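**Student:** Attaching a predicted model along with its sequence, questions to come.
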Amino acid sequence: MIKAVLVMNTQGKPRLAKFYEFQPVEQQQEAIRNVFSVLCSRPEHVSNFVDAESFFGPDSRLVYKHFATLYFVFIFDSSENELAMLDLIQVFVETLDKCFRNVCELDIVFNYSKLHTILDEIILGGQVLETSSTEVMKAIEEIARCFLFPFWFFTWSFFFT
Amino acid sequence: MAGSSIMENLFQRSLEDMIKSMRLQLIGETTFISKATEEIRREIKSTDQQTKSTALQKLSYLSAVHGVDMSWASFHVVEVMSSSKFAHKRIGYHAASQSFNDDTPVLLLITNQLRKDLSSTNEFEVSLALDLLSRIATVDLARDLTPEVFKLLSTTKVFVRKKAIAVVLRVFDKYPDAVRVCFKRLVENLESSDPLVVTAVIGVFCELAAKDPRSYLPLAPEFYRILVDSKNNWVLIKVLKVFAKLAPLEYRLGKRIVEPVCDHMRRSGAKSLVFECVRTVLTSLSDYESAVKLAVEKVRELVVDQDPNLRYLGLQALSVAVPKHLWAVLENKEAVVKSLSDDDLNIKIESLRLLMAMVSDSHVADISRVLLNYALKSDPGFCNEILDSILRTCSRNLYEIVVDFDWYVSLLGEMATIPNCQKGEEIETQLVDIGMRVKDARMELVRVGRDLLIDPALLGNVHLQRILCAAAWVAGEYVEFASNPLELMDALLQPRTSLLPPSIRAVYINSVLKILIFCLDCYLLQNDGSGSLYSGNLEGEQSELFSAKNDTEATELATCGGSNDEQDVGFNPRNTADSSEDLSVENGIDRVATHGKTFTSTGVGRKNFMHESIVSLLNRIELIFGPLITNQDVEVLERAQNILSLVQLIKEEIIDNSVQSVDTVEKKDTRVSTVINLMRDAFTTELGPISVSAQGRVAVPEGLVLKENLDELQAICGDTELSSSSSFAIGGPHGTPISDASSSNLLQNEELGPLNESTSLIEHRKRHGLYYLPSEKSEIVPDGYPRANDPKSNSNINDEAAELVKLTEQSLLMKKRTNQTKPRPVVVKLDDGDLAPISVKRPEPRDDSLSGAIQDVLLGSESGPSVSRSYPSNKSSRKQKEKKKLSTNGRSEMNENAVDSEKPDPESANSSSKNHGHSKERKHRGKEKIVEGEEHDQEGKKKSGHRHGRRKTHHRAKSPLSVASQTPVIPDFLL
């Protein structure tokens, strides 16, 4: 299963942190700092895997991708395929890109809630549920509609159309 | 009130406002955050839902991104969760999933809210509740909400169903009894036509199977169908993961899946799937030659790929293959060696591991040499990786692959001089260990130790201090092999030793003592040899005599000793009466004889202890150790004190010797030599390796009750540690008067003091064995040393790489060659395999009750005792205990005796139409139970031992027969 999803910028500022196993905030921050200290020391064009057992306990792997000013980091265990996780980062970023049209760091800074909604559609409780960014977008749009109208209105409008 | 809340609302900063102002703040981030938190604390108390939820949103942002504690707000979270507005509700749920844990007190309050939302008609509300449940479900929540989750497992809305399936994992984990309710529906979802649902279910099974694969063997047919039919790579990867766990448990399962797996490997274009196939084959299907060949072929493609990720994973796959298929690595050795000079640290380390896996005794020296050169040029991190892997490989199985220990010891010495070396502790351990285990290596050890000790530059390097500690110990313990003990003494006494931490300093001091005793012993021995001729000009003559004596054989030595005695008699009649003196001479000769072979070659040079040199040695010891009696460290202080008093005693007599008359000389010298002899005898006992299980062999004295659980000691220990350290601290000041007193008393106590000391030393050694090697860790000091080497040039690396390729190429040819010019020295091994530390018993899987429940569901709980058929007997009893526990929990217990009992399934009536496939299965259980019961008797046989629900009809009919014919029934799995 997936243990955590982190997004941080190249200065080490966290932009999104989601841990699927409960951890106290201090530990979370510690983990983020540790991960960043490893990531920032890695040169470009090397493999995307990092040994994470020292930060996240045994049977932890870490895969990251570097886009512009952001690192996207997934921490997972041996029940996941490494390359599939790399693809999943791609799916996540693609979805963000579709959602924000040419996503940049600022979008991620200011759309904290939306980011979580997107991630929750892809991963639930550490399980990958959706791997198609189109499907995720559909769900996001429907949830957004749910925001705009009260629930009863939503269902009634459904009836009339 | 309403007005104020509107005002609040209007002037409240939204999350976006807060983020904006945080980016523009000038007061520093922490101050800003604490101000914002203050603001939130105010706002969150508002009665207005909008204000409250916005405040909560801001708080959860600060908590997730900036690590602000939000546990204080848990009640507000519950309030916002229960809001009727979806937007608020969502904020509440998000905050809850982020901050709630098992210890959150308000968890009790949310059960009803969750139940309501799980039954909501708005699928997004349901999905919020499911998401929360997947993160925070506790035993209580899981138990109370199982019916709701169960309903959702068969909902028509895929969007909700897939989430419900994922939640099941957490529910099972927390509340194993939910299996009885939900498991069947979960299995049904495996057959769903919707790929999303199948992805979710197979993901859940992958997690479940990782913990306890055996319980899921009965589902193999379903998994097999997915493996063959599915086109979805995600699903296939997960199914492969499941099979990788199941295949080792059941031989015929492997036979069935090996073809489809190879098929996927050949056809699939998705690298992730191919890699998963490769891994599955190499881990779980490694007996299938053709499959492994295909997998290795694929690995080769990966290893030479452009993409560093694939190269890395390819190397990882190879390392999986090492234990069973070393040939796979050897085939790819060129790529492996090439990877050693990759830019990527991951790849370098992986290839280093593989390289060390390939090493054999015939070329370990060459490869280590090249790697060491490589290490010199690498950055510190990788350099230490290299050193670490060399150390680990060579010490594997008690230095299994090391033939030439002289080479290995000098290699260790060389490693110590690499500027980036941080492996001091490991090298220390190995130096000492080799000293104790390999007699033949001691001479070289002392030589290497001398080289290390003598170099003053090494003393300042914190990483090397542990090695110096070992070198000092070796020099002291095996001083008889030293070519020049005085030189060792110089090295140990050099002023820069003050840079060493006290623990290592103490070892140094003790080594000085040992060497001093050795020197004095030799000195006295040589003087005895020629009677009491102390004048320096006769020294040369005497030593000639002595060395001649050494060359003769032991028997002659005895007679020689006798003749010496006679000579003594002639010279000084007093001596004959002195039997102890006589004895000591005999002892000395014996000792010379035992070490004779190694001694005599170097004996001539170093036995020549001039009187002057001994005196100057004693003087220097006094000079250097004098200041140490005010040392803060008790260990250093005490040892220095001991040695100083000894020196004072000896010095007095020896210096007096040259002046005073022969008579007194003889008398006093006798006393000194008695002391020296006693101490020397104390040091001659050889130290051997200690078995890891040694402690276990010590019988527990009668009447001593050992507590199993020492937790309560913790509190006490914390106190005593503190107090003891403080008492040590005041030990320093205390030490000074004592030492003063003792040094003044020394003249009177000169007889008693040293004797006591030596006996107490014997005691120490007897009791503590390796007392002289303190094992406390040296404090970690950040590496302040600059890189010694400039960045490596590429051509150089390629040369190295080429050389390595050559070497590894040779490795195949050289395997047969026996280039052992000299036999491998004996390595002391202890009978009970001291290499394997007592294997820590793996803790039993925590979810034992889960697997028990699953087996019950899959196999019918009626077959209570037979469930445990393939388990050790204790497991069944535990399971029964488990069951009892569950029944006390208030669940309706299974009717264990009823053959056809219905599950306590709240929905069973409704779902019976869906279950008809399974109810068929259930009907057959009666028969199966009989079969299994009979098989139970044959438990001793190595039956693959899995029960499962699905058997072909004719199998079932046959099974009693096959039981009779003593071949256990192994039903065909995948039909």
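**Tutor:** Received, thanks.

**Student:** Going by C-alpha atoms from here, please, whenever you check contacts or count neighbours.
**Tutor:** Will do.

**Student:** Could you pick out the longest helix of chain B?
**Tutor:** With secondary structure taken from DSSP state H, chain B has its longest helix at helix B:502-529.

**Student:** buried residues in that one?
**Tutor:** Buried residues in helix B:502-529, defined by neighbour count with 16 or more other CA atoms under 10 Å in any protein chain shown: B:502-529.

**Student:** Which elements pack onto it?
**Tutor:** If you count contacts as 3 or more CA pairs under 8 Å, 6 or more residues apart in numbering or on different chains; DSSP states H and E, helix B:502-529 packs onto helix B:465-477, helix B:485-493, helix B:539-551, helix B:579-594, helix B:634-659, helix B:662-684.

**Student:** other SSEs contacting the longest one?
**Tutor:** The criterion is 3+ CA pairs under 8 Å, 6+ apart, and the helices and strands that helix B:634-659 contacts are helix B:502-529, helix B:611-625, helix B:662-684, helix B:731-749, helix B:752-768.

**Student:** rank the ones you listed by pLDDT, which is bottom?
**Tutor:** Across the helices and strands packed on helix B:634-659, the stretch with the lowest average pLDDT is helix B:731-749; it has a mean of 38.

**Student:** what about residue B:634, distance to chain A?
**Tutor:** With distances taken as CA to the nearest CA, to the nearest Å, residue B:634 is found 37 Å from chain A.

**Student:** Now for that residue, how many residues are close by?
**Tutor:** Residue crowding around residue B:634 was assessed by other CA atoms under 10 Å in any protein chain shown; the count is 20.

**Student:** Look at it and report its pLDDT.
**Tutor:** On the pLDDT scale, residue B:634 is placed at 85.

**Student:** ditto for the one 4 residues further on
**Tutor:** Residue B:638 carries a pLDDT score of 86 in this model.

**Student:** ok, now which ones touch it?
**Tutor:** Taking CA atoms under 8 Å, 6 or more residues apart in numbering or on different chains, we find residue B:638 in contact with residue B:629.

**Student:** just the CA coordinates of the helix or strand harbouring residue B:414, formatted as CSV?
**Tutor:** Here residue B:414, judged by DSSP states H and E, is contained in helix B:405-416. Output of helix B:405-416 as CSV, limited to C-alpha atoms (Å, rounded to 0.1, in the frame of the first residue of the first chain):
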residue,chain,number,x,y,z
PHE,B,405,45.1,-13.8,6.4
ASP,B,406,48.3,-11.9,6.2
TRP,B,407,46.9,-10.3,3.1
TYR,B,408,43.6,-9.6,4.7
VAL,B,409,45.1,-8.1,7.8
SER,B,410,47.2,-5.7,5.8
LEU,B,411,44.1,-4.9,3.7
LEU,B,412,42.4,-3.9,6.9
GLY,B,413,45.3,-1.7,7.8
GLU,B,414,45.2,-0.1,4.4
MET,B,415,41.5,0.6,4.8
ALA,B,416,42.2,2.4,8.0
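
**Student:** list the helices and strands it packs on?
**Tutor:** The helices and strands touching helix B:405-416, judged by 3+ CA pairs under 8 Å, 6+ apart, are helix B:424-437, helix B:442-454.

**Student:** do stretch B:25-39 and chain A meet?
**Tutor:** No. Using CA under 8 Å from any CA of the partner chain, stretch B:25-39 never reaches chain A; the gap is at least 11.8 Å.
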